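A.B. asks: Structure for the following, please:
(chains A and B)
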There are 2 protein chains.
Amino acid sequence: MIQKPSIPKGTRDFGPAEMAGRDYIFNTVKTIFKKYGYSPIETPAMENLSTLLGKYGEEGDKLLFKILNSGDAFKDLRDMPHEELREATGNTLALNVCEKGLRYDLTVPFARYVVQHRNELTFPFKRYQIQPVWRADRPQKGRYREFYQCDVDVIGTDSLISELELVQIVDEVFKALDIRVRIKINNRKVLAGLAEMTGQPDKLTDITVAIDKIDKIGLDAVKEELAERGLFQESIAKIEPVLTLSGTNSDKTARMRELLTDSETGLRGLKELETLFSLIESAGITTEVELDLSLARGLNYYTGAIFEVKALDFAIGSICGGGRYDDLTGIFGLPSTSGVGISFGADRIYDVLLGLDKFPKDAIQGTEYLFVNMGEQTLPYILKAAAGFRAAGRSTEIYPEPAKLRKQFEYADKKGIRYVVLAGEDEMQNNELSIKNMQDGSQSKVKFSDIF
Amino acid sequence: MIQKPSIPKGTRDFGPAEMAGRDYIFNTVKTIFKKYGYSPIETPAMENLSTLLGKYGEEGDKLLFKILNSGDAFKDLRDMPHEELREATGNTLALNVCEKGLRYDLTVPFARYVVQHRNELTFPFKRYQIQPVWRADRPQKGRYREFYQCDVDVIGTDSLISELELVQIVDEVFKALDIRVRIKINNRKVLAGLAEMTGQPDKLTDITVAIDKIDKIGLDAVKEELAERGLFQESIAKIEPVLTLSGTNSDKTARMRELLTDSETGLRGLKELETLFSLIESAGITTEVELDLSLARGLNYYTGAIFEVKALDFAIGSICGGGRYDDLTGIFGLPSTSGVGISFGADRIYDVLLGLDKFPKDAIQGTEYLFVNMGEQTLPYILKAAAGFRAAGRSTEIYPEPAKLRKQFEYADKKGIRYVVLAGEDEMQNNELSIKNMQDGSQSKVKFSDIF
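C.D. replies: Numbering: from 1, shown residues only, chains lettered A, B, ... in the order given. Next comes the predicted model:
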């Protein structure tokens, strides 16, 4: 039976052209990560469900891809009283037959890794990790069920030099990729101070979730949502001026200093921001860095700096983001280990480069030379010549069959091969090669001895 | 609740040292694949079970990791009559709740890819693919449930130049890795001829499965197994001399030509072998290439050349293998498309390099320079100097905290950092840096202006 080939929805194949673009991005970031002393690690695609569950909220648990136990997974389920089976939730039954799941992000596996290997690691531990993650999200444009994350973190220090380093990395990466960006920075402690200031400190999460949406839904809608989330009008009135603060970063911190005067946490956050801005200045970073007090990134585990990067010349969500977390490893038994990290959105960066036509023309390192196949007689001569080209590091193919010339040239054309090499009886006799430049159509003869 | 961190059995974390070794292998093969005009592709980790099932035999189907459907996977199962549920096999129930599985190898996804994208591809299509695969095998030493495969294939031509090219790639890869190897070659058509010759052509699979084990279990055990598999003693007597053939490759083909004189298929296979050996000679390959008539590699889809590569100086199974297949894409609707490919065993190659101490000493591209942190006063000076080192492409870290000197040096030592840079008040005043070589302990002062 013939099957129509297809792949699961929300997943993608990457062909040679996409791979070249993706490799260009990954190689750029890797080179820069290494220059700052970050080393690569990889973790398994499958983690124990006990490692993953409860780390991404109730919604996240539902989005985990679970893997059926091997062997007979259904032994217990078959023996379950029928009534119990009929009333069990999907989740209960899933946990009965699955004990592993696919990685949902790189952060939790990283925390698990650090704790599991803590006796082998040198702290502060600086790592990067570039691997796919899987989420059973409803697929839509730009949202996939399998996509790559590209994370860089340092764990084991609360020095703000680490924050600076990540800003330097962001600055270098996007300069190298020739994408103009703005780096937005905030501090979770300032947000906590803001919540204290309203007199509703328990509403910190509600406040952060709501104000995080200001870019998408606007100020009025944020105010409505704050009200829906139980903020008093009085509290909202206190938050509003913060959301609309303008001026330079020092204007903003100066104004915030007045507002947060009664919040120790808030002032500590402000001090961190000021120190970070001053380090950024010392380091001579020229990318625009903006204090954005509405930046919250929803993630509850952030405790200090929060980062987000926006492309200036292309409309798309944030292309990089992250922050400081003070207790990511606690759940696995290593408490009070502060770290900070950022994640580059490879898919979106790919879209930006494609949209702005910024992929370098030579990103596809395809074949440079195609030797036309003229049959058995000339084959040994061609084999020797091709070996010489390859020894010189040139990507070289021999057309595998003595097909019609037109077909062989068509192949070169479709693959974007720059030079076609012809070596028939004549060339062989004269120890020559005819080389045709496919771009300008010019053709020249070269002596075999002149090449090698 | 604190969880003891662990990962599923049969899976592994790769730390910075393992990653460096693996990257060295992957970068070596990628460079060579590209030099021969092969382009990378990637396919999703999850494939539809309909794509995977039935492609790896009954045993393979059992070893597929299946993924629970998202949403409520158990809807149908709950409504199933209790008796039916109790009597259903694990497999029936699995297919009721799972429609996706993890990739088991790279060959079937490649065939699926070629058919699905056939209108975008230029044939002959030359691709390489380096991705993990998953098998629910019983984990043991050297056998993992997640491991990388590293495949290179050309599809859309039956030219023996493609076989030659793969032999050239094998030759170059192992020379680049400095591993001495022997390349074993056989041809499935010769095996088919052998089966014809015994008068039991329907026993081809039994013959190949049995003789493939000769290296592991020896000639006598192979003969016993042949008998168990229904070969007549007469047939076995005809096979035995083939298995013990010695001499040069041309000695062997000459002898086989006599034996296979009545088998058209067998003679065709011999002709292919002779042509390939002659091409290998023309191309000047110096790696030893041996005709091994017991080589079968069990895989039923091979139809022509069969390859296997053994390390000469390290006892381990084959580290690379492959062959020609004439109808891999038929099941997906693209019949009679011949291809040939090989797969490098990255895990075993890693073990060989480690065992023979052949990893280059600079394979770990770790940090070169560590700037000691002496506190806020000198930080701007250090930031400027470090930026200069990085601009020069040097991997450079600043210790994030003004910790005790001993601790900072210990960090450099543990991470294998070669140079520690000290810049205190003195150095700053004189526009200097003190650089300590951690290998020989020497220390020198350099002018800031001499470096940048």
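A.B. asks: Quick check, A:Y24 in contact with A:P360.
C.D. replies: Yes. At 6.9 Å, A:Y24 counts as touching A:P360 under the criterion of CB atoms under 8 Å. Quick note: C-beta positions are derived from backbone N, CA and C, even for glycine.
A.B. asks: Could you check which of the two is surrounded by more residues?
C.D. replies: Set side by side, A:Y24 and A:P360 show unequal neighbour counts under other CB atoms under 10 Å in any protein chain shown, the larger going to A:Y24 at 19 against 12.
A.B. asks: Let me know the helix or strand that the more buried one is in.
C.D. replies: Using DSSP states H and E, A:Y24 maps to helix A:16-35.
A.B. asks: And chain B, is that helix touching that?
C.D. replies: Yes. In terms of CB under 8 Å from any CB of the partner chain, part of helix A:16-35 sits within range of chain B, namely A:P16, A:M19, A:A20, A:D23, A:K34, A:K35.
A.B. asks: which residues sit in contact with the closest residue to chain B within the stretch 151-300 of chain A?
C.D. replies: When scored by CB to the nearest CB, the stretch 151-300 of chain A has A:S159 as its residue closest to chain B, at 3.6 Å. By CB atoms under 8 Å, 6 or more residues apart in numbering or on different chains, the contact list for A:S159 reads B:P400, B:E401.
A.B. asks: Next to chain B, which bits of the stretch 351-452 of chain A? Give me the list.
C.D. replies: A:365-367, A:370, A:373, A:379-380, A:383-384, A:387, A:390, A:393-398, A:400-401, A:411, A:414-415.
A.B. asks: I'd like to know which of those residues are buried.
C.D. replies: Buried by 16 or more other CB atoms under 10 Å in any protein chain shown: A:365-367, A:370, A:373, A:379-380, A:383, A:387, A:390, A:395-398, A:400-401, A:411, A:415, out of these.
A.B. asks: May I see the buried residues of stretch A:118-129?
C.D. replies: Applying a neighbour-count criterion of 16+ other CB under 10 Å, one finds A:R118, A:L121, A:P124, A:F125, A:K126, A:R127, A:Y128, A:Q129 buried in stretch A:118-129.
A.B. asks: What's the separation between the fourth one and chain B?
C.D. replies: For A:F125, the distance to chain B under the criterion CB to the nearest CB, to the nearest Å works out to 9 Å.
A.B. asks: Contacts only, for A:F307.
C.D. replies: A:L166, A:V167, A:V170, A:I183, A:K184, A:I185, A:C320, A:G321, A:G322, A:G323, A:I342.
A.B. asks: If we check chain B, which of the residues you listed are in contact?
C.D. replies: Counting by CB under 8 Å from any CB, no member of the contacts of A:F307 is near chain B.
A.B. asks: Helix, strand or coil: sort out A:N186 for me.
C.D. replies: strand (DSSP: H, G, I helix; E, B strand; the rest coil).
A.B. asks: quick one: it and A:Y302 touch, right?
C.D. replies: No. With contact defined as CB under 8 Å, A:N186 and A:Y302 do not form a contacting pair (9.4 Å).
A.B. asks: Those two - which one has more neighbours?
C.D. replies: Set A:N186 next to A:Y302 and count neighbours by other CB under 10 Å: A:N186 wins out with 27 against 24.
A.B. asks: before we move on, could you check phi and psi at the closest residue to the more buried one other than its chain neighbours?
C.D. replies: Counting by CB to CB, 6 or more residues apart in numbering or on different chains, A:N186 lies nearest to A:L295, which is 4.0 Å off, once chain neighbours are set aside. Backbone torsions of A:L295, given as degrees, to the nearest 10, read phi -70, psi 120.
A.B. asks: For burial, what's the neighbour tally of A:L295?
C.D. replies: 24.
A.B. asks: That one contacts A:N187, correct?
C.D. replies: No. Using CB under 8 Å, A:L295 is not in contact with A:N187; the gap is 9.2 Å.
A.B. asks: Name the residues contacting each of the two.
C.D. replies: Common neighbours of A:L295 and A:N187 (CB under 8 Å, 6+ apart) are A:I306.
A.B. asks: quick one: contacts of stretch A:258-273?
C.D. replies: With contacts defined as CB under 8 Å, 6+ apart, stretch A:258-273 is touched by A:160, A:185-194, A:196-197, A:238, A:241-242, A:249, A:253, A:256-257, A:291, A:304-305.
A.B. asks: pLDDT of the helix holding A:Y24, averaged?
C.D. replies: Taken as a whole, helix A:16-35 has a mean pLDDT of 96.
A.B. asks: Tell me which other helices or strands it touches.
C.D. replies: Packing partners of helix A:16-35 (3 or more CB pairs under 8 Å, 6 or more residues apart in numbering or on different chains; DSSP states H and E): strand A:125-134, strand A:146-155, helix A:160-176, helix A:346-355, strand B:39-40.
A.B. asks: Mind checking those for the one nearest to B:C150?
C.D. replies: strand B:39-40 (10.9 Å; CB to CB).
A.B. asks: State the paired neighbours of that closest one in the sheet, together with their directions.
C.D. replies: strand B:125-134 (parallel) (DSSP bridges).
A.B. asks: Next, the angle from the partner strand to helix B:346-355.
C.D. replies: Angle, strand B:125-134 to helix B:346-355, by axes from the mean of the first three to the mean of the last three CA atoms, to 10 degrees: 80 degrees.
A.B. asks: follow-up on the earlier one: in helices, which of the buried ones among the residues of the stretch 351-452 of chain A next to chain B appear?
C.D. replies: The helices, defined by DSSP state H, take in A:L379, A:P380, A:L383, A:A387, A:R390, A:Y411 from those.
A.B. asks: Can you tell me the closest non-neighbouring residue to the first one?
C.D. replies: Once its chain neighbours are removed from consideration, A:L379 has its nearest residue in B:S282; the separation is 7.0 Å (CB to CB, 6+ apart).
A.B. asks: I'd like the distance between that neighbour and A:K447.
C.D. replies: Taking CB to CB, to the nearest Å as the measure, B:S282 falls 21 Å from A:K447.
A.B. asks: ditto for A:A221
C.D. replies: 74 Å.
A.B. asks: Going by neighbour count, list what's buried in stretch A:415-428.
C.D. replies: Going by 16+ other CB under 10 Å, stretch A:415-428 has these buried residues: A:K415, A:I417, A:R418, A:Y419, A:V420, A:V421, A:L422, A:A423, A:E427, A:M428.
A.B. asks: what does it rub up against?
C.D. replies: Under CB under 8 Å, 6+ apart, the answer for stretch A:415-428 is A:364, A:366-372, A:374, A:377-378, A:381-382, A:385, A:397, A:408-409, A:411-412, A:432-439, A:445, B:37, B:122.
A.B. asks: which of B:S282 and A:K447 has more neighbours?
C.D. replies: Using other CB under 10 Å, the more surrounded residue of B:S282 and A:K447 is B:S282, with 16 against 11.
A.B. asks: Surely the more buried one and A:Y381 touch.
C.D. replies: No. Counting by CB under 8 Å, B:S282 stays clear of A:Y381, with 9.1 Å between them.
A.B. asks: picking that back up, taking the contacts of stretch A:258-273, please make a ChimeraX selection of just the buried ones.
C.D. replies: Of the contacts of stretch A:258-273, the buried ones go into a single ChimeraX selection, burial set by 16+ other CB under 10 Å:
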select /A:160,185,186,187,188,189,190,191,192,193,194,196,197,238,242,249,253,256,291,304,305
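A.B. asks: and the contacts of stretch A:258-273, which of them are in strands?
C.D. replies: Judged by DSSP state E, these include A:I185, A:N186, A:N187, A:L291, A:A305 as members of strands.
A.B. asks: Go through the buried residues of stretch A:415-428 and flag which are in helices.
C.D. replies: A:E427, A:M428.
A.B. asks: Same list, the buried residues of stretch A:415-428, but as TSV with pLDDT please.
C.D. replies: Shown next, in TSV, are those (pLDDT from 0 to 100):
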residue	pLDDT
A:K415	93
A:I417	95
A:R418	94
A:Y419	96
A:V420	97
A:V421	97
A:L422	96
A:A423	94
A:E427	94
A:M428	93
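A.B. asks: Reformat the buried residues of stretch A:415-428 as TSV; add distance to B:P109.
C.D. replies: What follows is the buried residues of stretch A:415-428, written out as TSV (distance: CB to CB, whole Å):
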residue	distance to B:P109
A:K415	22
A:I417	27
A:R418	31
A:Y419	33
A:V420	32
A:V421	34
A:L422	37
A:A423	38
A:E427	42
A:M428	42
